[in-house]
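Enquirer: The following block contains a protein sequence and its predicted model.
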Amino acid sequence: MSEVAIKFENISKQYRLGNIGTGTLSHDLKRWWTVKVRGQEDPYLKIDQVIDFDGQTGSDYVWALQDIDFEVKQGEVLGIIGKNGAGKSTLLKILSRVTTPTTGQIMARGRIASLLEVGTGFHPEMTGRENVYMNGSIMGMTKVEINKKFEEIVDFAGVGRYIDTPVKRYSSGMTVRLGFAIAAHLEPEILVVDEVLAVGDAEFQKKAIGKMHDVSQYQGRTVLFVSHNMTAIEQLCSGVMLIDKGKILLTGNTVDVINKYLETNAIVAGRIIDSMRINNKQIMVESITINGSTSNTIEISPKENELKINIRGTIAEERRMAIEVRFFDQYDHLQMLFSPGHLYGQVKLFNKGNFEMNETITLPDSLTKNEFRLTIDITQPNIEILVGFPNSVKVICKGIQGYTGLEFPAPNCGLLMLR
């Protein structure tokens, strides 16, 4: 029977809104007097507010996590899913000792390597080579051990040409590739990966998932993987935990938990722009419409089988940008990709200041009558996602019959079928 690699016991994390740290001196003194002197329960642990980005809380204190109990066996790959703000990243930060829990304790066997944010653990003024050795030393590796893995790390990351360049000059994609390569190759007993892999291109994401699979299956190491990509979760994870508002909603079989998550994560009627996620602060999107509408629910028919996307905003510097759209079915499986910048190698250059992007997606007549969800990204192709609108639009295809699963005619409409 496999040993327990990670065990969370009654873990809770509380934050005070609008403040850095644990609070004010007066609150600290009150807590000390109540708990240490009078022997009573901490007064600030009675607050039953959880983080909820959909509404206002009535307290200055919120729970990012509450009463988290679970364990992970050695060699297991546990996927952690949930909405933004559910507490997934907080859980990983506690495990990685970036922050401490308010209550409870954690048991973890062996060294932990974490990739929580782009550039985690990197010093921007140091070169890629220097950062590899610094990260290895922090993990307790000797110089001899790092030397043995160095070429493999650089080759996996694909940054050999830039390894002696300061990391501050790397793109976010290059940074995350090197960060993941270091975390995965320096032989940690536990590998912790947040959704930062979404910054990488499709080829690197495939390599990274393959590496995590090898690390768990063939090296017996434990992996905790947070992602919004349900296809990656299904392919990689032996079990999944669903977190909602700081609490564990469900833990179990990968497919069952994913289906439960999708049922509770249906797109709520609203505007497309409400789902905007900015990854690069040099760009700001002011409006996004599909077929002239700001609504996140679109209906199309055989006579109106086009999606006309218009995005307007501003950029702080000259940049090449393209629109990339992914279609997902009800099981969150990627069905097709619209990416003219990748397909034809034509990426438009936009000048500093105001910009406007227009793309028309012509859906083939063979598309089945169904509902799809769209994820729309503004990308600098093969480098980074600048602005994302994840799971932002529901497309209802009405009356389009006869879908056979054949490839779509990519040369005519820019659509690729992914299997």
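Expert: Received the coordinates, thanks.

Enquirer: Every contact and neighbour count from this point should use C-alpha atoms.
Expert: Noted.

Enquirer: Give me the mean pLDDT for the one helix or strand R373 maps to.
Expert: Secondary-structure element containing R373, defined by DSSP states H and E: strand 371-380. Per-residue confidence for strand 371-380 averages out to 86 on the pLDDT scale.

Enquirer: Adjacent strands (with direction) for it?
Expert: Take DSSP bridges as the rule and strand 371-380 pairs in its sheet with strand 319-328 (antiparallel), strand 384-397 (antiparallel).

Enquirer: Of all the residues in the shortest one, which ones are buried?
Expert: Of the residues in strand 319-328, M321, A322, I323, E324, V325, R326, F327, F328 count as buried by neighbour count, 16 or more other Cα atoms under 10 Å.

Enquirer: rewinding a little: would you mind pulling the contact partners of the strand holding R373?
Expert: 319-330, 385-397 (Cα atoms under 8 Å, 6 or more residues apart in numbering).

Enquirer: Let me know whether D164 touches T127 as I believe.
Expert: Yes: look at D164 against T127 with Cα atoms under 8 Å: they come within range, at 5.1 Å.

Enquirer: ok, these two, which is more surrounded?
Expert: Using other Cα atoms under 10 Å as the criterion, D164 and T127 rank with T127 on top: 19 against 14.

Enquirer: returning to that earlier point: what's the most distant pair in the buried residues of strand 319-328?
Expert: M321 and F328 (22.8 Å; Cα to Cα).

Enquirer: got the buried residues of strand 319-328 as CSV, with distance to L29 columns?
Expert: As requested, those are exported to CSV (distance: Cα to Cα, whole Å):
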residue, distance to L29
M321, 53
A322, 55
I323, 54
E324, 53
V325, 53
R326, 53
F327, 54
F328, 53
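
Enquirer: can the residues you listed go into a markdown table with extra columns for pLDDT and distance to F150?
Expert: Putting the buried residues of strand 319-328 into a markdown table (pLDDT from 0 to 100; distance: Cα to Cα, whole Å) gives the following:
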| residue | pLDDT | distance to F150 |
| --- | --- | --- |
| M321 | 91 | 34 |
| A322 | 90 | 35 |
| I323 | 91 | 36 |
| E324 | 89 | 34 |
| V325 | 89 | 36 |
| R326 | 85 | 36 |
| F327 | 82 | 38 |
| F328 | 76 | 38 |
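
Enquirer: quick revisit: name the residues of the strand holding R373 that are buried.
Expert: Buried positions in strand 371-380, judged by neighbour count with 16+ other Cα under 10 Å: E371, F372, R373, L374, T375, I376, D377, I378, T379, Q380.

Enquirer: Please state the offset of it from the chain centre?
Expert: In terms of Cα atoms, centre = their mean, to the nearest Å, the centre of strand 371-380 is set 15 Å apart from its chain centre.

Enquirer: Stretch 88-101 too?
Expert: If you compare the mean C-alpha spot of stretch 88-101 with that of the full chain, they lie 16 Å apart, counting by Cα atoms, centre = their mean.

Enquirer: Next: stretch 251-262.
Expert: Going by Cα atoms, centre = their mean, where stretch 251-262 is centred and where its chain is centred differ by 18 Å.

Enquirer: What segments of this protein are helices?
Expert: According to DSSP state H, the chain carries its helices in the segments 25-32, 88-95, 128-138, 143-157, 172-185, 202-217, 230-236, 254-264, 340-344, 410-413.

Enquirer: what's the most buried one of those helices?
Expert: Per residue and on average, the most neighbours among the helices of the chain fall to helix 172-185, with a mean of 24 (mean count of other Cα atoms under 10 Å).

Enquirer: tell me which strands and helices that one is in contact with?
Expert: strand 112-115, helix 128-138, helix 143-157, helix 202-217 (3 or more Cα pairs under 8 Å, 6 or more residues apart in numbering; DSSP states H and E).

Enquirer: who's in contact with L307?
Expert: L307 is in contact with I290, N291, T360, I361, T362, L363, counting by Cα under 8 Å, 6+ apart.

Enquirer: Against V395, how distant is the second one?
Expert: In other words, N291. The gap separating N291 from V395 is 12 Å, by Cα to Cα, to the nearest Å.
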